[in-house]
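Peer 1: This is the structure alone, sequence omitted:
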C-alpha cells in the first residue's frame with residue numbers, strides 16, 4: 001500500500017486497519033510481539049508518531065497491549081471469532097407465521113432512549129446530517145409555505161423521484177421518475193408490494209434468517225412462508241430458489257441480497273442475475289429490500305436484483321432511514337409492471353406522504369451533500385463493526401460465533417447452545433441493554449441461541465461496558481466463562 005498518497009489524518013487509520021486485518025486473519029496470534037515503533041516507521045516510511053497513534057488505537061480496541069520496556073503484543077485474551085454455520089433443516093414446508101407478540105415486544109426498543117441501542121438498526125445521532133437537514137427544512141418551509149402545507153402528489157414529490165432515479169445508476173437499476181412511488185419508509189413499500197402481489201393463504205418465499213418485520217407483515221396479511229437458507233458469507237443460493245419454486249406454488253419472493261438483516265450476507269451479482277432469470281422464467285414476482293445497499297465497505301456499490309430485471313417482475317424497495325434520517329420516514333418503491341396497482345393501494349392507504357420531508361430530502365440530494373455524507377458514514381460503520389467484533393471476541397463466552405459483513409450495520413451472533421436468546425433478551429432489557437433475540441427472524445423454531453446486535457453507534461465506554469455485561473449474562477446462562 002502506498003501510505004504516502006494518503007492524507008495525514010488517514011495514515012494512522014490505514015496502519016491500524018492493516019494490523020487489525022492480520023490479527024483477525026490469524027497471521028498474528030495471541031502473544032505475538034508487534035514490530036517496534038521504529039521498525040514499523042522505517043518499514044512503512046511513516047513518522048513514529050503516526051505508527052504510535054495506530055498502536056494506541058489498537059490498544060483501545062483491545063487487540064494489542066503494551067508491556068513496559070518490552071513493546072506491543074497481541075493480547076493473549078483475543079481470539080479470532082468464527083462465523084456462524086448454516087443450520088437450516090433440509091426439509092422444507094409452508095409455515096404460518098406466529099411470532100407477532102414476541103416481535104411486538106422486540107419493537108418496543110425502537111425510540112426507547114433508556115436502553116443501550118444494540119437492538120435498533122439506526123446510525124447514532126452523531127452520524128446523521130441532522131443540522132444540515134434542519135436548515136434545509138427551515139428554508140423549504142419558509143420559501144414554500146403553501147406547498148408544504150398541502151397534499152403532495154400520490155406518487156410523491158417529482159423532484160425527489162428525479163433525484164432517486166438519477167442515483168439509481170450507481171446500482172445498475174437505471175430507474176425513471178415516472179416509475180417510482182414515494183412511501184412512508186421501506187416498510188410501506190414492502191406492504192404495498194405484498195398487497196399488490198398476494199392474497200391471504202398465498203405462499204411467499206423468504207430468506208432465513210429474515211428481518212422480523214417481514215415476518216410480521218406476512219403474518220398480518222394472512223400469508224404462509226417458506227424459508228430458504230441465507231449463508232452469512234454467500235447469501236442466497238440460486239439452486240435452492242430453483243428447487244423450491246419447482247416444488248411449491250410460490251406467489252412472491254422477498255429477498256434482501258445486499259447485507260441482509262440480520263446475517264449481513266451479500267449475494268454476488270452473478271447469483272443475483274441467476275435468481276432473477278429463474279423467477280422470470282416462472283413468472284414469479286420478486287420483492288427486493290435494498291435499504292442497506294449504500295452502506296458498503298468495499299470500493300463498489302453492489303448491484304440490485306432490479307438491475308437484472310428485464311420484464312418488470314422485480315419490485316425494488318428502499319429508504320433513507322438507514323443513511324440520512326429515520327425520523328423523516330422517506331422510502332420508495334419501483335414496482336415495475338405493477339405500478340398501476342401499487343398506486344391504487346397507496347392512494348387507499350394514506351393518499352400521499354408528508355410534503356415537507358420529501359421536499360427537504362430532495363434538496364439535500366440535489367445539493368450533492370449525500371455522497372460526502374455516505375463516505376463518512378461507511379467509514380464510521382466499518383470501524384464500529386470492527387470494534388464490536390473485537391469486544392465480542394474479548395467479552396463473550398467460548399463457542400460464540402459472529403458474522404463479519406462487508407457492509408450494513410448488524411452483527412448476527414451465535415451463542416453456545418445452552419444460551420436462550422429470548423431469556424437473554426429479557427435479562428438484558430432489565431439491565432438497560434437492548435438486543436433482539438434470534439427466534440424472531442424465522443417462522444420456524446430456529447436460532448434460539450442467536451441474537452442480533454446493531455453496530456450503528458461508536459464504541460463509547462458505556463457501549464463497551466454494556467457489551468461486556470451482555471457477555472457476562474450469556475456466560476452465566478450458558479454455564480461457561482468469557483474470554484477475558
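Peer 2: Noted; the coordinates are in hand. In this text the structure is predicted, and so the values were computed from the model without any measurement.

Peer 1: What backbone torsions are found at the most centrally placed residue in the chain?
Peer 2: Centroid-nearest residue in the chain, with CA atoms, centre = their mean: residue 408, separated by 3.5 Å. Dihedral pair for residue 408: phi 80, psi -160, per degrees, to the nearest 10.

Peer 1: quick one, what contacts residue 382?
Peer 2: residue 297 (CB atoms under 8 Å, 6 or more residues apart in numbering). The way it works is simple: take the backbone N, C-alpha and C, and place the C-beta from them, glycine included.

Peer 1: For residue 138, see how far away it is.
Peer 2: From residue 382 across to residue 138, the span is 33 Å (CB to CB, to the nearest Å).

Peer 1: and what of residue 156?
Peer 2: On the measure of CB to CB, residue 156 and residue 138 end up 22 Å apart.

Peer 1: quick one: which of the two has more around it?
Peer 2: Neighbour count, other CB atoms under 10 Å: between residue 156 and residue 138, residue 156 has more, with 25 against 11.

Peer 1: How about the more buried one: what's its closest non-neighbour residue?
Peer 2: Once flanking residues are discounted, residue 156 sits nearest to residue 182: 2.5 Å by CB to CB, 6 or more residues apart in numbering.

Peer 1: Domain map for this protein?
Peer 2: Domain ranges of the chain: 3-74, 98-125+374-478, 128-370, per automatic domain parsing.

Peer 1: Out of those domains, which gets nearest to residue 84?
Peer 2: Nearest to residue 84, of all the domains of the chain, is domain 98-125+374-478, at 4.0 Å by CB to CB.

Peer 1: State the next helix or strand along the chain beyond the host helix or strand of residue 161.
Peer 2: According to DSSP states H and E, residue 161 maps onto helix 158-167. Reading on from helix 158-167 to the C-terminus, the next helix or strand found by DSSP H and E is strand 181-184.

Peer 1: Could you spell out the sheet neighbours of that next one, each with its direction?
Peer 2: Paired neighbours of strand 181-184 in the sheet (DSSP bridges): strand 330-334 (antiparallel).

Peer 1: Contacts for the partner strand next, please.
Peer 2: In contact with strand 330-334 (CB under 8 Å, 6+ apart) are residues 156, 160-161, 164, 168, 173, 175, 179-189, 192-193, 306, 315-321, 324, 342, 353, 357-358, 361.

Peer 1: from those, which would you call buried?
Peer 2: Neighbour-count burial (16 or more other CB atoms under 10 Å) applied to the contacts of strand 330-334 gives 156, 160-161, 164, 168, 173, 175, 179-189, 192-193, 306, 315-321, 324, 342, 353, 357-358, 361.

Peer 1: Touching, residue 204 and residue 255? I think so.
Peer 2: No. Between residue 204 and residue 255 there is no contact under CB atoms under 8 Å: 10.6 Å.

Peer 1: Does residue 243 belong to a helix, a strand or coil?
Peer 2: The three-state assignment at residue 243 reads helix, by DSSP: H, G, I helix; E, B strand; the rest coil.

Peer 1: That one - how many residues pack around it?
Peer 2: Other residues close to residue 243 by other CB under 10 Å number 14.

Peer 1: try residue 307
Peer 2: 21.

Peer 1: what's near enough to touch it?
Peer 2: Counted by CB under 8 Å, 6+ apart, residue 307 has contacts 171-174, 272.

Peer 1: Could you please name the strands the helix or strand harbouring residue 204 pairs with and the direction of each pair?
Peer 2: Using DSSP H and E, residue 204 sits in strand 203-208. For strand 203-208, the pairing partners within the sheet under DSSP bridges are strand 224-231 (parallel), strand 250-255 (parallel).

Peer 1: Over the longest one, what's the mean pLDDT, rounded is fine.
Peer 2: So that's strand 224-231. The pLDDT scores in strand 224-231 average 93.

Peer 1: what about the protein, any weak spots by pLDDT?
Peer 2: Counting by pLDDT under 70, the chain contains low-confidence residues at 1-10, 87-92, 95, 97-98, 479-484.

Peer 1: From the geometric centre of it, which residue sits farthest away?
Peer 2: Here, in the chain (CA atoms, centre = their mean), the farthest residue from the centre turns out to be residue 69, at 43.3 Å.

Peer 1: For the contacts of residue 307, give me CSV that also has distance to residue 346.
Peer 2: What follows is the contacts of residue 307, written out as CSV (distance: CB to CB, whole Å):
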residue, distance to residue 346
171, 23
172, 26
173, 20
174, 23
272, 27
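
Peer 1: could the domains of the chain go into a markdown table alongside distance to residue 82?
Peer 2: Shown next, in a markdown table, are the domains of the chain (distance: least, CB to CB, whole Å):
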| stretch | distance to residue 82 |
| --- | --- |
| domain 3-74 | 11 |
| domain 98-125+374-478 | 5 |
| domain 128-370 | 11 |
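
Peer 1: And the ones you listed: which comes nearest residue 81?
Peer 2: Per CB to CB, nearest to residue 81 of the domains of the chain: domain 98-125+374-478, 4.8 Å.

Peer 1: residues near residue 444, how many?
Peer 2: Neighbour tally, residue 444, other CB under 10 Å: 15.

Peer 1: Kindly report the same for residue 369.
Peer 2: 16.

Peer 1: The residue lying closest to it once chain neighbours are set aside: helix or strand, and which one exactly?
Peer 2: Distances taken as CB to CB, 6+ apart put residue 132 closest to residue 369, at 6.2 Å, once the chain neighbours are dropped. Secondary structure from DSSP H and E places residue 132 in helix 130-143.

Peer 1: Whatever helix or strand comes next after that helix - contacts with which helices or strands?
Peer 2: Where DSSP H and E defines the elements, the next helix or strand beyond helix 130-143 is helix 145-149. Under the contact criterion of 3 or more CB pairs under 8 Å, 6 or more residues apart in numbering; DSSP states H and E, helix 145-149 touches helix 355-366.

Peer 1: tilt between the helix it packs on and helix 158-167?
Peer 2: If you take axes from the mean of the first three to the mean of the last three CA atoms, to 10 degrees, helix 355-366 sits at 40 degrees to helix 158-167.
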